[in-house]
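> Here is a sequence with its predicted model. Questions after.
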Amino acid sequence: MTAQTDTPGYVTAVYKVSGMTCGHCEGAVSGEISEIAGVSSVEAVATSGEVTVVSAAPLDEEAVRAAVDEAGYELVGKA
């Protein structure tokens, strides 16, 4: 999967998260990541373990890791 966006000035990143198994998991991870400054959208997919994040600028991976940890899951890294 190639990370792209059609919105100029925005950055799309795809992360792998372990432990997501259902819609509740997706919502928990999306909710925490969406609190990071500059994030405009988050889509978490439990079946693939991928989280696609669109933001105004590249995100600090440690901020993403902390948000995922707060939700109760583990950030594996960028997909």
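Yes, it's here. For clarity, every value in this text was computed on a predicted model and none was experimentally measured.
> Give me the below-cutoff pLDDT ranges for the chain.
The model of the chain has pLDDT under 70 over residues 1-7.
> switch the cut-off to 80
Residues of the chain meeting the criterion pLDDT under 80: 1-8.
> mind listing what the residue positioned nearest the centre of it touches?
In the chain, the residue lying closest to the centroid (CA atoms, centre = their mean) is residue 51, at 4.0 Å. Contacts for residue 51 (CB atoms under 8 Å, 6 or more residues apart in numbering) come out as 14, 15, 16, 17, 29, 30, 33, 42, 43, 44, 45, 68. In short, each C-beta sits where N, CA and C put it, glycine included.
> Please, where are all the helices along the protein?
Secondary structure of the chain, counting by DSSP state H: helices at 23-33, 61-71.
> And the residue of the chain positioned farthest from its centre, how close does it get to residue 48?
Using CA atoms, centre = their mean, the residue of the chain lying farthest from its centre is residue 8. It sits 19.4 Å away. As judged by CB to CB, to the nearest Å, residue 8 and residue 48 stand 27 Å apart.
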